[in-house]
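>>> take a look and give me a structure for this.
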Amino acid sequence: MTSLRRWQNRIPSIEWISLIALFLLAGSIGHDPWKLHEPYVFGIIYHFFTTHSWVIPVNAGVPFMEKPPLYHWTAALFCHLLGGILPLHDAARMASVFYTVLTALFMWKTSQVLFATRSECKSLGYISIALLLGQIGIANDIHLMRTDVSLLTGTTMTLYGMAMLGHMQENWGKAGIWMGLGFGVSFMSKGLFIPITLILGGIMLWHILPMLRTQNTRRALRIAFWVALPFVTLWPALVWLDSPALFIEWFWDNNVGRFLGFSVARLGSANDRHSLLFSLLKNSFPALPLVCQIIIVEKWRNRTMEYMLPLCIMTSGLLLLILSATGNGCYFLPLLPTFALLAAPVMLRLPEQFLIYWNFWIRILTSMTAAVIWLIWWNLRYPPEAKIFKLWMHYAGNWLPLDFAPPEQTFACLAALCAALFWLASFRLSPRSALNTAYIWLSSISLLWVTMALMFPWQNAKISYRSALMEMVGVVRQFPGEHNCVQAGNYDEIVSPMFYYIAEPLLPPRKNGEACPFLFLSSTGAIPKDVELHWHMIWTGARYNKEDEIRLYQINQPVL
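Below is the predicted model:
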């Protein structure tokens, strides 16, 4: 403890905030929607933005009832606010930054309530945030358009309300409000999984901690119920009034069916528990080893709120994931705050010698990796024949297009230089302190992420659909005529929204009742059987990596 107290004031709050802000903003703009999740998420956002029809999520003209639309609504609002400054997809991605900032804020507030009786309360707050944002599985997800990001916010908000209920029962009104808001945000982000997790975890807490069995707790729960009620009833009711069939598809097939398994064969994403376990081990590092240590030591004997709250929520969530017929590595994302809250106190117990060795190797490995990334980026800017480090570039060519001509990267370079300065500044900190160790770890993750963001133009050129769709637009424009519109002949939840977003605005609009002379098809969607009878293929294209072929057909007869 002496070491912690000696060094805990060496890092100003503004430095923590600036590092977190840099980490969240870098890589959130400057690239198209990326497969697997971003294209269909943005497709729904684009529908809300262009049609102002706010009830039914629609992707490329087809109702998409997998998740409630809170994240999509928020992203559409950011499109209205920032669409004149940023490309629409980048403006929409600001919703992830917004929700992650809220998550970090409520993570801080939760830690300050849970650890209020500790002298290291403020340090534990910073450690908790560093352990949350520094977990391997979160860095990529919070920089993309994903409903899991707002789900993470809802979970953390509920944890804050529950922590207040355990430690500040005189504030039962505020506790109820935050629990209800968090529950509602979680429900409107992704459906029933996290709300049920929170209910089961709350029931476990009720039985384990007698301190919660009070009149104030009952009052707080009543307030939480009434606050959450509009979230869990209004949108489902509007969907039911609009289309009972779509309501059933959302509630029965995408929630109940995915859990029990009867809709998994049709909707996909079956639960491979071995893959799920691997995702847990990979994505929750470095918090998971610390969590395992405290569980082995404490088991269920430590009947304090600061231990039992994250443990009960984590246990109920993992249990539901094991039982569910549907599973995916991203499902762990809303549980990561519980890992961070459990792991933070453990860091204070780690021996100084361990922290010294840990920080020594982290500093070496991070510096070497960042240097390699900088050198690869530097080489990528040269034409193929002028590149140095030929062997390195040979391996880099397996996942990046070496012949891509990059745009100007002024802001990306400035961000990478700032990350390097934060990293160099962390060398002034003693490696003996748990707080400094948390900062060093977060600055290392930030350095690697922000430096890797320099590669995003090459990665975008490889996996974006823009180049293929723009080539298709160029083919259509070669044909004479003023009515060369293109109709989509099949539906693919990933390729089709990119067609409507990138290609369709550059083509003549389709008039009511007009038959378009060109037909767009995606090889990953269902190909109509009679296409060859009425159309002939005039062009094929694909992404740089030759995946997801798209085809352009022309009608066999002139369109009158």
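
>>> please make it C-alpha for all contacts and neighbour counts, starting now.
OK.

>>> which ones are touching the most centrally placed residue in the chain?
The centroid of the chain falls nearest to Asp141 when counting by C-alpha atoms, centre = their mean (3.0 Å). Residues in contact with Asp141 (C-alpha atoms under 8 Å, 6 or more residues apart in numbering) are Asp148, Val149.

>>> try Pro286
Shown in contact with Pro286 (C-alpha under 8 Å, 6+ apart): Leu131, Gly134, Gln135, Ile136.

>>> and those residues, which of them are in strands?
Per DSSP state E, strands hold no members of the contacts of Pro286.

>>> out of those residues, the closest to Gly176 would be?
Set against Gly176, the nearest of the contacts of Pro286 by C-alpha to C-alpha is Leu131 (27.0 Å).

>>> what's the neighbour count on the nearest residue to that closest one once chain neighbours are set aside?
Using C-alpha to C-alpha, 6 or more residues apart in numbering and skipping residues adjacent in sequence, the residue nearest Leu131 is Ala340, 5.2 Å away. Residues lying near Ala340 (other C-alpha atoms under 10 Å) number 28.

>>> among the contacts of Pro286, show me the least confident.
Least confident entry in these, by pLDDT: Ile136, with 86.

>>> okay, now that one: neighbour count?
What Ile136 shows, counting by other C-alpha under 10 Å, is a neighbour count of 18.

>>> now it: phi and psi?
Backbone torsions for Ile136, taken as degrees, to the nearest 10, come to phi -60, psi -40.

>>> distance of it from Phe499?
33 Å (C-alpha to C-alpha, to the nearest Å).

>>> and what of Leu335?
35 Å.

>>> and the helix or strand harbouring Val232, what's buried?
Following DSSP states H and E, one finds Val232 within helix 215-242. Within helix 215-242, the residues scored as buried using 16 or more other C-alpha atoms under 10 Å are 216-217, 220-225, 227-228, 231-232, 235-236, 239.

>>> list just the nearest of those to Met470.
Of all those, Val239 has the smallest distance to Met470: 36.2 Å, by C-alpha to C-alpha.

>>> thought the closest one was touching Leu246?
Yes. The criterion here is C-alpha atoms under 8 Å, and Val239 meets it with Leu246 at 7.0 Å.

>>> what about stretch 294-308, distance to the chain center?
30 Å (C-alpha atoms, centre = their mean, to the nearest Å).

>>> list the contacts of it.
With C-alpha under 8 Å, 6+ apart as the test, stretch 294-308 has contacts from Leu114, Phe115, Ala163, Gly166, His167, Leu205, Ile208, Leu209, Leu341, Leu342, Ala343, Val346.

>>> measure the fifth one to Phe115 for me?
The span separating His167 from Phe115 equals 9 Å under the rule C-alpha to C-alpha.

>>> coming back round to it: could the contacts of Pro286 go into CSV alongside distance to Asn271?
Below are the contacts of Pro286 laid out as CSV (distance: C-alpha to C-alpha, whole Å):
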residue, distance to Asn271
Leu131, 27
Gly134, 26
Gln135, 23
Ile136, 21
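
>>> out of those residues, which comes closest to Leu318?
Leu318 has its nearest neighbour among the contacts of Pro286 in Gln135, at 17.2 Å by C-alpha to C-alpha.

>>> local confidence estimate at Leu560?
42.

>>> when you give positions from now on, start the count at 813
With 813 as the first residue, the last one maps to Leu1372.

>>> and the strands in this protein, which stretches?
For the chain, the strands defined by DSSP E cover 870-871, 874-875, 1298-1300, 1330-1334, 1347-1353, 1362-1367.

>>> any chance of the ones you listed in a markdown table, plus mean pLDDT and distance to Gly855?
Shown next, in a markdown table, are the strands of the chain (pLDDT from 0 to 100; distance: least, C-alpha to C-alpha, whole Å):
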| stretch | mean pLDDT | distance to Gly855 |
| --- | --- | --- |
| strand 870-871 | 96 | 5 |
| strand 874-875 | 94 | 10 |
| strand 1298-1300 | 88 | 15 |
| strand 1330-1334 | 90 | 16 |
| strand 1347-1353 | 90 | 21 |
| strand 1362-1367 | 90 | 18 |
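
>>> in JSON lines, list the ones you listed along with distance to Pro1292.
As requested, the strands of the chain are exported to JSON lines (distance: least, C-alpha to C-alpha, whole Å):
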{"stretch": "strand 870-871", "distance to Pro1292": "31"}
{"stretch": "strand 874-875", "distance to Pro1292": "31"}
{"stretch": "strand 1298-1300", "distance to Pro1292": "14"}
{"stretch": "strand 1330-1334", "distance to Pro1292": "13"}
{"stretch": "strand 1347-1353", "distance to Pro1292": "15"}
{"stretch": "strand 1362-1367", "distance to Pro1292": "13"}
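
>>> switch those strands over to a markdown table; also include mean neighbour count and distance to Phe910.
Putting the strands of the chain into a markdown table (neighbours: other C-alpha atoms under 10 Å; distance: least, C-alpha to C-alpha, whole Å) gives the following:
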| stretch | mean neighbour count | distance to Phe910 |
| --- | --- | --- |
| strand 870-871 | 24 | 23 |
| strand 874-875 | 14 | 26 |
| strand 1298-1300 | 21 | 34 |
| strand 1330-1334 | 23 | 34 |
| strand 1347-1353 | 16 | 36 |
| strand 1362-1367 | 21 | 35 |
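
>>> do you know which of those lies nearest Trp1261?
strand 870-871 (30.4 Å).

>>> elements contacting that closest one?
Judged by 3 or more C-alpha pairs under 8 Å, 6 or more residues apart in numbering; DSSP states H and E, strand 870-871 is in contact with helix 850-863.

>>> hmm, 10 Å instead?
Helices and strands touching strand 870-871, by 3 or more C-alpha pairs under 10 Å, 6 or more residues apart in numbering; DSSP states H and E, are helix 850-863, helix 1307-1310.

>>> between those, which one is closest to Leu1260.
Using C-alpha to C-alpha, those put helix 850-863 closest to Leu1260, at 22.4 Å.

>>> buried stuff in the closest one?
For helix 850-863, a neighbour-count test (16+ other C-alpha under 10 Å) marks Glu850, Pro851, Tyr852, Val853, Phe854, Gly855, Ile856, Ile857, Tyr858, His859, Phe860, Phe861 as buried.

>>> what would those residues look like in JSON lines with distance to Leu971?
Below are these laid out as JSON lines (distance: C-alpha to C-alpha, whole Å):
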{"residue": "Glu850", "distance to Leu971": "28"}
{"residue": "Pro851", "distance to Leu971": "31"}
{"residue": "Tyr852", "distance to Leu971": "30"}
{"residue": "Val853", "distance to Leu971": "27"}
{"residue": "Phe854", "distance to Leu971": "29"}
{"residue": "Gly855", "distance to Leu971": "32"}
{"residue": "Ile856", "distance to Leu971": "29"}
{"residue": "Ile857", "distance to Leu971": "28"}
{"residue": "Tyr858", "distance to Leu971": "32"}
{"residue": "His859", "distance to Leu971": "33"}
{"residue": "Phe860", "distance to Leu971": "31"}
{"residue": "Phe861", "distance to Leu971": "32"}
